[in-house]
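Student: Next one to model:
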Amino acid sequence: MKYEDIPEHLILNYEALKIVLFEEVKSLFMDRPHVLSKWSSLAYQMTKEEILNQKPTDDMRSFGVLISLFTEAFFHQKPITKEMIKDVVSSSGDTIKAFITGHLHQEFPEVEVKYSFNDNKIEEALEKDYILSSTNMDFHLMRDMVTKKNDFKEGEAGYLATEIIDNRGNVKGVAELRPHELQTELTIEQQVWLETLGETLNSLDDLTADLFDLISYLWLTQPKSSDGYIEFHSNDALRLRNIKKRSFAGKEFDYREEDRFNIMRRVAALSSIWVSLGDQTIKIVNTEGLQDSELYKFKDFQKMFEIGKIRIAYDKNTGEAKGIYAVQVRPTSILTPYLEGPKKTLGILDLKVFKYSHTSQRAHKRLTRYLNLQWRIRTVRNTLGQPFKVGTLLKEMDFSSRYTGVALRDKFENTLDDLQADGVIKKWMYLDELDEEMVGKRNWVKEYWSKLNVHILPADYIVKENRKILSSQPVTNKRLIETSIAQSAADIELVPSGHSMAIQSAKDSQEPITLTPEKMKEALEFLNISIRQASEEIGIAHTTLSRYIKRENKRQNKKNDEKMLNWLKQKLN
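Tutor: Sure, this is the predicted structure:
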């Protein structure tokens, strides 16, 4: 029997049903030739048992499950036609693939270890160019903590530990790196996992923070097992990072084992971090020399992430374990309140944060995370036009101390230029013209440059998506979100720090905005609006505004000046 010979509206018998199902569903599994090869054979052949019983046999495995999915779940033993199958595949293709994939992993374990359950979700993220992330400040502080291995010092309990301190100097909690408890008898998977844990401290960096975000996002959006785990596959991160697969003679192979290992050792590091958040926060005036543990009041320590089952690839020839490809993982109750429940405040995280290098573009990653957090907060507070202090941005970017003076300024400006070129931000500019005569003078970075205001305009799509997220929240949730956002915004205020040479104090003084033709021209360019549009918003004729910018007005009009100044303050504060 040929597929082409089967009419659209013919009620299918069992033999025709197999053929139609295979031909219609195979487009969903083109990335799995090993599956299609077996299914093709099963679809176009009838065993004696099938002829007798007119139903799948047990040894048909995943293909039998596919048949039952349609006959039982979709159509409830009702008559089925070719047209009906086409409609279901068209509308529910992702559901079909997700359901069958779990059975493929059991049927073809050696091959399927290279495939991720999350392929569709990763593909969706790549198309949108963003994922969702919590914008709660405690969540941000814990994520930032995993990037700073040098902050971990040996504590009283013998573990490497660090305080989790917000930008106002409040101790929010303590984090410890703890070794995994050893069992007397270990499976091969557990042995390989313990080997992966070998250099936990050295695995803490900004790539680890990426995985912190990605695992949290997948847990938020993907189906979970009965005990709350999702499966995280090394492919998920490698695809988002745009890591290339091995190739030879024009043919593409799999990812390098080293690339997979670099992902999994950081997941292992995340599972080794135990956190205790305080019942109350204690104001620390001088964080240097903080040693007295009696200053804190903390809850019990909990892991941030727990690991379940582990999937390992084995060498076909030797049978030896090649490495960990996937793990079951779940965030614990330290993190879950920020992903679901009253503390859930989600915002857009630009996918380019994953593509920036964690070594050569560390500042790009850190600033992208910080700005995406800010855009969510400022969308709620309607303060997207508020400027940033250079010192605030320097602290978040956390450049190496070897960069000072002009070299530091160049790194700062080049990073912002890159973010603008990559579409992470729409535009940036100094609010006030940089006085080059101040550059190079004694303490000019701390006393002058770090106090300057910088305008950064978010990408349009980020504002749009954040507003969409906010508008979809119930009214009660919006109030909780606004409360949480207000706290987050307060936490962003800064205090002096001994190791930060260019960080401003907790309350940055706002420099007054002055009206000049140059300032007005810069504002129009920054906001990307025309003279006509601006004049309508200001309430003056567009010719008046045009003449003012060109310095062609013969007489000063105080009322017009006042209108223009008020408009500038509204737009730029």
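
Student: Tell me the first helix or strand C-terminal of the helix or strand of the chain with the lowest mean pLDDT.
Tutor: Across the helices and strands of the chain, mean confidence by mean pLDDT, DSSP states H and E is lowest for helix 475-491: a mean of 50. For helix 475-491, the succeeding helix or strand toward the C-terminus, using DSSP states H and E, is helix 517-527.

Student: buried set for that next one?
Tutor: Under the neighbour-count criterion of 16 or more other Cβ atoms under 10 Å, helix 517-527 has K519, M520, E522, A523, L524, F526, L527 buried. (Glycine included, C-beta is placed from N, CA and C.)

Student: in this protein, which segments are predicted with low confidence?
Tutor: Counting by pLDDT under 70, the ranges of the chain that qualify are 180-186, 189-190, 192-199, 279-299, 316, 473-512, 554, 573.

Student: Could you rerun that using 50?
Tutor: Scanning the chain with the threshold set as pLDDT under 50 gives 182, 184, 280-296, 476, 486, 490-510.

Student: How is it divided into domains?
Tutor: 3-112, 115-344, 357-505, 517-572 (automatic domain parsing).

Student: CSV please, covering these and showing distance to L351.
Tutor: Formatted as CSV, the domains of the chain follow (distance: least, Cβ to Cβ, whole Å):
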stretch, distance to L351
domain 3-112, 20
domain 115-344, 5
domain 357-505, 10
domain 517-572, 23
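
Student: tell me, what residue is most central in the chain?
Tutor: What sits nearest the mean C-alpha location of the chain, by Cα atoms, centre = their mean, is D213, with 4.5 Å.

Student: If you tally nearby residues, what's the number for L160?
Tutor: For L160, the count of nearby residues is 20 (other Cβ atoms under 10 Å).

Student: Could you count how many residues lie near the residue nearest to V88 when sequence neighbours are not counted?
Tutor: Nearest non-adjacent residue to V88, counting by Cβ to Cβ, 6 or more residues apart in numbering: F74, 5.4 Å away. Per other Cβ under 10 Å, the neighbour tally for F74 reads 18.

Student: With L277 instead?
Tutor: If you count neighbours by other Cβ under 10 Å, L277 ends up with 18.

Student: A313 against K322, yeah?
Tutor: Yes: applying Cβ atoms under 8 Å as the test, A313 and K322 come out as touching, 4.5 Å apart.

Student: give me every residue that touches I67.
Tutor: L17, K18, L21, K55, P56, M60 (Cβ atoms under 8 Å, 6 or more residues apart in numbering).

Student: swap the cut-off to 7 Å and go again
Tutor: If you count contacts by Cβ atoms under 7 Å, 6 or more residues apart in numbering, I67 has them with L17, K18, L21, P56.

Student: Does it belong to a helix, a strand or coil?
Tutor: At I67 the chain is in helix, as set by DSSP: H, G, I helix; E, B strand; the rest coil.

Student: And it, how close does it get to E15?
Tutor: 12 Å (Cβ to Cβ, to the nearest Å).

Student: what does N528 give?
Tutor: As judged by Cβ to Cβ, N528 and E15 stand 64 Å apart.

Student: Please apply the same query to L346.
Tutor: 50 Å.

Student: Look at these two and report which has more neighbours.
Tutor: Between L346 and E15, counting by other Cβ under 10 Å, L346 is the more crowded of the two (21 against 15).

Student: Run through the residues that contact the more buried one.
Tutor: L132, S133, S134, T135, I469.

Student: which residues of the stretch 301-450 of the chain fall in helices?
Tutor: Here the stretch 301-450 of the chain has its helices, by DSSP state H, counting those that start in this stretch, at 352-355, 362-381, 390-397, 405-421, 444-447.

Student: TSV please, covering these and showing distance to D119.
Tutor: Formatted as TSV, the helices of the stretch 301-450 of the chain follow (distance: least, Cβ to Cβ, whole Å):
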stretch	distance to D119
helix 352-355	16
helix 362-381	25
helix 390-397	33
helix 405-421	29
helix 444-447	47
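
Student: Mind naming the longest helix for this structure?
Tutor: For the chain, the helix with the greatest residue count under DSSP state H is helix 82-107.

Student: next SSE after that one?
Tutor: Trace forward from helix 82-107 with DSSP H and E and the next one is helix 109-112.

Student: And that following helix, what's buried?
Tutor: E112.

Student: how far does it sit from the chain's center?
Tutor: Here helix 109-112 is found 28 Å from its chain centre; the criterion is Cα atoms, centre = their mean, to the nearest Å.

Student: again, but for stretch 401-418
Tutor: The answer for stretch 401-418 is 25 Å, by Cα atoms, centre = their mean.

Student: Would you mind putting the CA coordinates of it into PDB?
Tutor: What follows is stretch 401-418, C-alpha atoms only, in PDB (Å, rounded to 0.1, in the frame of the first residue of the first chain):
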ATOM      1  CA  SER A 401      41.900  46.500  38.800                       C
ATOM      2  CA  ARG A 402      44.600  46.600  36.100                       C
ATOM      3  CA  TYR A 403      42.400  49.000  34.100                       C
ATOM      4  CA  THR A 404      42.700  52.500  35.400                       C
ATOM      5  CA  GLY A 405      42.400  56.000  34.200                       C
ATOM      6  CA  VAL A 406      41.900  56.400  30.400                       C
ATOM      7  CA  ALA A 407      42.200  52.700  29.800                       C
ATOM      8  CA  LEU A 408      39.200  52.200  32.200                       C
ATOM      9  CA  ARG A 409      37.200  54.800  30.400                       C
ATOM     10  CA  ASP A 410      37.900  53.200  27.000                       C
ATOM     11  CA  LYS A 411      36.800  49.800  28.300                       C
ATOM     12  CA  PHE A 412      33.600  51.400  29.700                       C
ATOM     13  CA  GLU A 413      32.700  53.300  26.500                       C
ATOM     14  CA  ASN A 414      33.700  50.400  24.200                       C
ATOM     15  CA  THR A 415      31.400  48.000  26.200                       C
ATOM     16  CA  LEU A 416      28.500  50.400  25.800                       C
ATOM     17  CA  ASP A 417      29.200  50.900  22.100                       C
ATOM     18  CA  ASP A 418      29.200  47.100  21.700                       C
END
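
Student: Which residues outside it are in contact with it?
Tutor: Outside stretch 401-418, the residues that touch it by Cβ under 7 Å, 6+ apart are A363, H364, L367, L394, M397, F399, W428, V439, V445, W449.

Student: will you turn these into CSV that also has distance to D94 and neighbour count?
Tutor: Putting the contacts of stretch 401-418 into CSV (distance: Cβ to Cβ, whole Å; neighbours: other Cβ atoms under 10 Å) gives the following:
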residue, distance to D94, neighbour count
A363, 37, 25
H364, 33, 24
L367, 34, 26
L394, 44, 25
M397, 39, 19
F399, 43, 18
W428, 39, 18
V439, 56, 14
V445, 52, 22
W449, 51, 22
